[in-house]
Structure formats: C-alpha cells, structure tokens
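Trainee: Got a sequence here, can you model it:
(one chain, ligands or ions: 1)
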Amino acid sequence: MIIWGMSGKGHDASVTVWGPNETTGLIELLHEDYTRDKKHDKEHLDQLLMYGDPELVVWYEKPWKKAFRMLYAGQPQAFRRNMLRSYLKEVMSIKCKVVCVDHHEAHAGHFYDSPFEEALIFVIDSIGEWDCTSVWKGKSYSGHLVKLDRVSYPDSLGLWYSSMTKVAGLKPNSDEGKFESMSDDNHLDEYALRAVEKYIMPHSWKPMFWENLHRGVGDSLPGPKKFTPVEIATATQFAFSQKITKMIQHWCDKEKINNVVLAGGCAFNKGVRKDITDLGYDLWVPDNPGDGGSAKSCVNVYLRKKALIDISLNQGPFHS
Ligand SMILES: [Fe+2]
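Mentor: The predicted structure is shown next:
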C-alpha cells in the first residue's frame, strides 16, 4: 500500500511517500520532500507517482475544525479555503481515501522518530486548528501519545513573536529567523523588555495574553520611548525563551521526565534550544519541526494508531 503524508494548502507544502518494506511487510518511509511552497505542484508531484498511485493520503490537520476556528477569528472564506478533497482532486487528481490527523498531534508525532523511550513533547506554533501550545507525553513501549494540556486560540506565543517581528520592521510569518538573529544579549534594555512583556499575562506555565494578537499590535510599541529593532529583538528573544523554559521546567518537574521533544514553528528558534539544553534537559528537535515536517509525523501518528487498533482487535474479547 502506498501512503502519502501531506501538508500544505497555505504554506509549507510537503509530501512524504510511504510503502511496504519487502522484508518486514511493514510500511516504511520511501521518500521525503519538503518543498516549503504554498501549494503542491502537479508536475513535481507527478514524479512521486513513480512509487505508485497513493491509496491513502494522511493530511496534517483537520480542515473543518480549522474552518470553524477561522470563522470564529473572522477570517474570510473559512470553509471555502478548507475544502481539502476538491483541492487534492484539482491539484493532483487524487481521489483516494483521505484521513486527517489533528495539527498538534501531527507535530507531536515526531516523538516516534526521537531517540527517547519516554519524553515530554512541547508543540508551540502560531495556530493549529485551535491549539497554539500543547504538551504531550510519549511512551514508545506503549505506543501512546497522551495530551496532557493545551492552550488554545487566541493565546499564542507564535502570534506574539510574529507581532514583535513586525514591530521591528520585518515581515511577520516570514522573517522570524532574521528577527532572532538580530537579538544581542549586550542590548537587553529593561524598558524594551517591559514593553514587549506588557502583552503577556502572568501564569505558572501557560503562554496567555491580554489581547488577541492575530493581527499584530501595529508597527510600533505603545509609549513615549522608541526602541531600535535590535532592542526589540533582544527583549523579545529573552521573554520568549523565559516563557518556554518555564513551561518545560513546570512539566518536567511535574512528570519527573528529563527528555524533551520540541516541535511546531517555534522550535526553529536556536536560542531557545540552547537555553533548554543549558538547563540540563535532554532535548531532541526534528530536522523540520514546522508544518512541512508534519507531512512525515502525521503518518507516524496514523500508523501508530492503526497498529494499536490492530493489536487490540487481534487480542480483544472476540479472539481466543
Ligand atoms: Fe503548526
């Protein structure tokens, strides 16, 4: 059976191709392709057909769930923009069965590629369908991914970070890497820190905000003092890292686990990764922790769930 794991339709259009391993009979990864375009390209995807026609597509998020959130957020054409079946048919002439995995569960599925037997998985991005931050516990021997907690829209660390990217004069949802590289520990300005933290609600671990930052905070921070882009970037990086490390400390103490998997767009931040390892945690981050990487991890989740169902059906009360 050929399975395609897919993400895209908006950004990070990616595909992974899976097929049976001739020796074990199990489904294994045959090909990874992270294009990072907005939409899938028919010509390019035709090349993937050399592995055979897909009999199943695993999609990295749940379109209808996302459409309801977009409707709630006042975004135009919420349902039209989430018509997955017609998109797959139009762009790729794919008519096979399609299953969808929750956006954050797909990110958390990277756990199965990690070197850990047991770990806490922190998924932090702008917005999934509704979740913006979620915490999971993974145990490879039982196969389960258990969702411990979540923070839903509009409380989003990713949206706050993008808002500050815009304040520094850069393009939000695009220049976050450049914004991070502008930060400089020698330029941590106390007033700039207060100004960027003004939006963050105090909480023991949850990233929560006093206002909805989906459309940013404008082009400058309020107040009489004007800050340089470097001061804004440095203050933002400091507050961002503090929020994430506090979250990790909270959950690792509570669950008594030292292994950490970080996924979602915020996991691209190199400074945060360093701060987590400096605190003594064993950190693992996938090569592509963003939505492109979910084209692989959504299939991890699907296959693991399917295997668990197969096991329970074969060992259940109807089998002697
Ligand atoms: Fe995401």
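
Trainee: now the helices for the stretch 201-320 of the chain?
Mentor: 229-255, 270-278, 294-315 (DSSP state H, counting those that start in this stretch).

Trainee: Out of those helices, which is closest to residue 87?
Mentor: Residue 87 lies closest, by CB to CB, to one member of these: helix 294-315, at 14.9 Å. C-betas here are computed from N, CA, C, even on glycine.

Trainee: That closest one and the ion in contact?
Mentor: No. Residues of helix 294-315 are not located near the ion by CB under 5 Å from the ion, the shortest gap being 6.7 Å.

Trainee: For that helix, give the mean pLDDT please.
Mentor: What helix 294-315 shows for mean pLDDT is 83.

Trainee: for stretch 257-268, how far is the first residue from the last?
Mentor: End-to-end distance of stretch 257-268 (CA to CA, to the nearest Å): 23 Å.

Trainee: Give me the buried positions along that stretch.
Mentor: For stretch 257-268, burial by neighbour count (16 or more other CB atoms under 10 Å) applies to 257, 259-268.

Trainee: mind listing which of the residues you listed are in strands?
Mentor: 259-263 (DSSP state E).

Trainee: and which of the residues you listed is nearest to residue 66?
Mentor: residue 263 (18.1 Å).

Trainee: For that closest one, report the pLDDT, please.
Mentor: 98.

Trainee: That one against residue 285, yeah?
Mentor: Yes. Look at residue 263 against residue 285 with CB atoms under 8 Å: they come within range, at 7.4 Å.

Trainee: that older thread, mean neighbour count and distance to residue 11 for the helices of the stretch 201-320 of the chain - can I get that in CSV?
Mentor: Compiled in CSV, the helices of the stretch 201-320 of the chain are given as follows (neighbours: other CB atoms under 10 Å; distance: least, CB to CB, whole Å):
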stretch, mean neighbour count, distance to residue 11
helix 229-255, 20, 21
helix 270-278, 16, 21
helix 294-315, 19, 11
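
Trainee: How about the residues of this structure by the ion?
Mentor: Those residues of the chain that sit near the ion, judged by CB under 5 Å from the ion, are 125, 291.

Trainee: Quick check, central residue of the chain?
Mentor: Nearest to the centroid of the C-alpha atoms of the chain, with distances taken as CA atoms, centre = their mean, sits residue 264, at 2.5 Å.

Trainee: Name all residues that make contact with it.
Mentor: Counting by CB atoms under 8 Å, 6 or more residues apart in numbering, residue 264 touches 104, 107, 122-125, 158, 289-290.

Trainee: next one: residue 44
Mentor: Contacts of residue 44 by CB under 8 Å, 6+ apart are 33, 35.

Trainee: which residue sits closest to residue 216, ignoring its sequence neighbours?
Mentor: Computed as CB to CB, 6 or more residues apart in numbering, the closest residue to residue 216 that is not its neighbour in sequence is residue 163, at 4.4 Å.

Trainee: For the stretch 1-150 of the chain, which residue gets nearest to the ion?
Mentor: In the stretch 1-150 of the chain, the residue that lies nearest the ion is residue 125 (3.7 Å; CB to the ion).

Trainee: what about that residue, how many neighbours?
Mentor: 26 (other CB atoms under 10 Å).

Trainee: who does the top strand by length along the chain pair up with?
Mentor: Using DSSP E, we find that the single longest strand of the chain is strand 27-37. Applying DSSP bridges, strand 27-37 is found paired with strand 13-20 (antiparallel).

Trainee: Output the partner strand as CSV, restricted to C-alpha atoms.
Mentor: What follows is strand 13-20, C-alpha atoms only, in CSV (Å, rounded to 0.1, in the frame of the first residue of the first chain):
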residue,chain,number,x,y,z
ALA,A,13,3.5,22.2,1.0
SER,A,14,5.3,18.9,1.6
VAL,A,15,4.9,15.2,0.8
THR,A,16,6.3,12.0,2.2
VAL,A,17,5.8,8.7,0.4
TRP,A,18,5.4,5.5,2.3
GLY,A,19,5.3,1.9,1.1
PRO,A,20,5.7,-1.6,2.3
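
Trainee: tilt between it and helix 294-315?
Mentor: Counting by axes from the mean of the first three to the mean of the last three CA atoms, to 10 degrees, strand 13-20 points 40 degrees away from the direction of helix 294-315.

Trainee: okay, and for this protein, where does confidence drop off?
Mentor: Across the chain, the ranges flagged by pLDDT under 70 are 311-320.

Trainee: Strands of that one, residue ranges please.
Mentor: Under DSSP E, the chain gives strands at 3-7, 13-20, 27-37, 56-59, 97-100, 118-124, 131-139, 145-152, 200-201, 208-209, 259-263, 282-284.

Trainee: Which single residue of the stretch 201-320 of the chain ends up nearest the ion?
Mentor: Counting by CB to the ion, the stretch 201-320 of the chain gets nearest to the ion through residue 291 (4.6 Å).

Trainee: Near that residue, how many other residues are there?
Mentor: Residue 291: 26 neighbours (other CB under 10 Å).

Trainee: and the closest residue to residue 75 other than its chain neighbours, what does it touch?
Mentor: Leaving aside its chain neighbours, residue 75 sits nearest to residue 81 (8.0 Å; criterion: CB to CB, 6+ apart). Residues in contact with residue 81 (CB under 8 Å, 6+ apart) are 9-10, 67, 70, 75.
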